[in-house]
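Asker: when you get a sec, could you give me coordinates for this:
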Amino acid sequence: MTELHFQSASDLARLIRGGEVGARELLEHFLARVEKYNPALNAVIQQDIAGARSRADTADAARRSGDDLGPLHGVPMTIKESYNFTGLKTSWGVPEMAANLDAGDALAVQRLASAGANVFGKTNIPINLADFQSYNAVYGTTNNPWGLDRTPGGSSGGSAAALAAGLTGLDIGSDIGGSIRNPAHFCGVFGHKPTWIICPPRGHTLTGALTPSDISVIGPLARSAEDLELALSLMAAPDDLEADGVIFDLPTLDGPLSDLRVGVWTTTPICPSSNAVIERVEAVAAALAGCGAQVDYSARPEFAAEHTHFVYSALLLSAMSSRMPDSQFAHLIAKVASLSPDDQSPAAMELRWRTMRLRDWAGCNEQRTQIRWAWNRFFQDYDFLITPIMPTTAFPHDHSPENQRTIMVDGQSVPYFSQTFWAGLSGVAYLPSTIIPTGPAADGLPIGVQIIGPAYGDLRTIQLAQRLEQLGFTFKAPPGY
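Answerer: Coordinates of the predicted model:
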């Protein structure tokens, strides 16, 4: 039987509702595991133990009275540090914001709590949620439970590490450049990046802004695809501004796998995949083909890889510059003013993207809209596209200056931020993507594979992950936990 701490949140909720385990008992079990394993991992960086115990006792009392608090009745969970939660702090790893005490709960946290979830802590992130690693001067470095010398990913690295090590029942993260998906891959758990804005991000901001950020989404990480569907069903509903006139009616995956038409994209010169990653993408494709699905390795949307990556990179850096303090942005403006018009170097282009005028942004946005239409045409012929999410397994911690970093892909040195390619493929077009774990590679580290679907096809990508889970692509616990 699977140990209690490695069971899915859905199964834990069933155990609580059936009286097989108490909510307080389960909470204490996870708290004990945090105490034992977190010092080496540094995944859980804040806790509300007294509040969580009180909520667990309330959940137990409700069960004894025959009251159902919801589908997550009493399940202990954590949330990414970047979500507001009453009584805890939100800093996004920025030292100047380390004392920023939350006065209320993010909307997603409210929705999960209304379904019975018991949030007991927060998990670690990189500064400004802007790295494939999770370290900062406020909370320190989070390690990967599969290898403490390795990154757990970022920016939801603490979330994925806590789930993989069995320190929590469920977690929610956010994603603009793969920040749900690359940690899920690096730590061997499931993750879902929703269609843009179906999960309202209110309360997931450092400045209190109410306008959703371009590309950025919030979504769940879990040890099962069933949990992804459950969490998404709770998080995905219009916010109050749209609630009177908008309903999300997400299509489901009906029929046998033999009905599916699946494209497969394994590597690209922009971000070449390691042989180990390619093998796992092909293994998922082969499993689907073995069930009768039509699998096409040449299927591609009608755009160049270089073009979509260019548009994504421009819009990504433009969106992320909105997080900058005014003084830092003014410094970038001054640097752009000093550039030669003939300077088309990568560094110069990045500066221009970070300081784009609205007219330039609108031009990029038009190119993005054309890319979205190309995807729309692609999904007239195919149901899904299967791809990598990162080119390698988890790489060693590297806290050197960002402009000096590279990664090694089967002996080839590749630019560090080229790793955004696979995340940006669906991110720039606002499409849903689900990550499924495929188990550890020869180096002992896990590999995840990405399932991309059409806009609002979130349940379909998650339900395909469920079908693949039944075929053996399941969460596996790291050794020693």
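
Asker: do you know how far A103 is from E302?
Answerer: 48 Å (CB to CB, to the nearest Å). Every residue, glycine included, has its C-beta placed from N, CA and C.

Asker: same question, S418
Answerer: 23 Å.

Asker: between the two, point out the one with more neighbours.
Answerer: The residue with more neighbours, out of S418 and E302, is S418; 19 against 11, by other CB atoms under 10 Å.

Asker: from L425, how far off is that one?
Answerer: On the measure of CB to CB, S418 and L425 end up 13 Å apart.

Asker: what's the spatially most central residue of the chain in contact with, if anything?
Answerer: By CA atoms, centre = their mean, the chain has its centre lying nearest to I180, at 1.1 Å. Counting by CB atoms under 8 Å, 6 or more residues apart in numbering, I180 touches 156, 159, 173-174, 191-193, 219-221, 435.

Asker: same check on T90?
Answerer: Counting by CB under 8 Å, 6+ apart, the residues that T90 touches are 81-84, 97, 100, 102, 206.

Asker: now, which of the residues you listed lie within helices?
Answerer: Using DSSP state H, no member of the contacts of T90 falls within helices.

Asker: list buried members of the residues you listed by neighbour count.
Answerer: Using 16 or more other CB atoms under 10 Å as the burial test, the contacts of T90 include 81-84, 102, 206 as buried.

Asker: I386 falls within a strand, correct?
Answerer: Yes - according to DSSP: H, G, I helix; E, B strand; the rest coil, I386 belongs to a strand.

Asker: picking that back up, from the contacts of T90, which two are the most distant?
Answerer: Y83 and M97 (14.2 Å; CB to CB).

Asker: that older thread, and the contacts of T90 as JSON lines, adding distance to I215 and pLDDT?
Answerer: JSON lines is the format used below for the contacts of T90 (distance: CB to CB, whole Å; pLDDT from 0 to 100):
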{"residue": "E81", "distance to I215": "20", "pLDDT": "98"}
{"residue": "S82", "distance to I215": "15", "pLDDT": "98"}
{"residue": "Y83", "distance to I215": "18", "pLDDT": "98"}
{"residue": "N84", "distance to I215": "21", "pLDDT": "98"}
{"residue": "M97", "distance to I215": "23", "pLDDT": "95"}
{"residue": "N100", "distance to I215": "24", "pLDDT": "95"}
{"residue": "D102", "distance to I215": "25", "pLDDT": "90"}
{"residue": "L206", "distance to I215": "17", "pLDDT": "91"}
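
Asker: could those be laid out in a markdown table, adding distance to D149?
Answerer: Converted to a markdown table, the contacts of T90 look like this (distance: CB to CB, whole Å):
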| residue | distance to D149 |
| --- | --- |
| E81 | 23 |
| S82 | 26 |
| Y83 | 29 |
| N84 | 33 |
| M97 | 29 |
| N100 | 31 |
| D102 | 33 |
| L206 | 30 |
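
Asker: if we only consider these, which is nearest to D398?
Answerer: Among these, and counting by CB to CB, the member closest to D398 is E81, at 21.3 Å.

Asker: that closest one contacts G93, doesn't it?
Answerer: Yes - at 7.4 Å, E81 counts as touching G93 under the criterion of CB atoms under 8 Å.

Asker: can you give me the pLDDT of the residue nearest to the centre of the chain?
Answerer: Looking at I180, its pLDDT is 99.

Asker: now it: how far from T58?
Answerer: In terms of CB to CB, I180 sits 30 Å off from T58.

Asker: which residues touch the residue lying closest to I16 once chain neighbours are set aside?
Answerer: Closest residue in space to I16, ignoring its immediate chain neighbours: G74 at 4.5 Å, by CB to CB, 6 or more residues apart in numbering. In this structure, G74 makes contact with 13, 16, 22-23, 26-27, 56, 59-60, 63, 116, 118, judged by CB under 8 Å, 6+ apart.

Asker: so which of these sit within strands?
Answerer: The strands, defined by DSSP state E, take in N118 from those.

Asker: among the contacts of G74, who's most crowded?
Answerer: Neighbours here mean other CB under 10 Å. Within these, the largest count is held by A23, at 30 neighbours.

Asker: mind checking the SS state of H185?
Answerer: Applying three-state DSSP: H185 is helix.

Asker: run through the protein and note the low-pLDDT ranges.
Answerer: Along the chain, the parts satisfying pLDDT under 70 run over 1.

Asker: how about a cut-off of 90?
Answerer: 1-2, 69, 103, 207, 322-326 (pLDDT under 90).

Asker: for stretch 231-249, measure first residue to last.
Answerer: Using CA to CA, to the nearest Å, the end-to-end distance of stretch 231-249 comes to 16 Å.

Asker: which parts of it are buried?
Answerer: Buried, per 16+ other CB under 10 Å, within stretch 231-249: 231-237.

Asker: run a quick neighbour tally on A319.
Answerer: 18.

Asker: for it, which non-adjacent residue is spatially closest?
Answerer: Per CB to CB, 6+ apart, closest to A319 is D214, 4.2 Å.

Asker: so the one you found sits in a strand?
Answerer: No - D214: not assigned to a strand; according to three-state DSSP it is coil.

Asker: contacting residues for it?
Answerer: Contacts of D214 (CB under 8 Å, 6+ apart): 315, 318-319.

Asker: with these in mind, which one is nearest to I451?
Answerer: L315 (23.0 Å).

Asker: wait, that closest one touches R368, no?
Answerer: Yes - the pair L315 and R368 passes the contact test of CB under 8 Å, sitting 6.3 Å apart.

Asker: more neighbours, these two?
Answerer: Legend: neighbour count by other CB under 10 Å for L315 and R368, higher for L315 (23 against 20).

Asker: and the gap between that one and P301?
Answerer: For L315, the distance to P301 - CB to CB - is 17 Å.

Asker: what about the helices in the stretch 101-250 of the chain?
Answerer: 107-114, 157-164, 181-187, 225-235 (DSSP state H, counting those that start in this stretch).

Asker: for stretch 282-299, which positions count as buried?
Answerer: Of the residues in stretch 282-299, those buried (16+ other CB under 10 Å) are 282-285, 287-289, 293, 295, 299.
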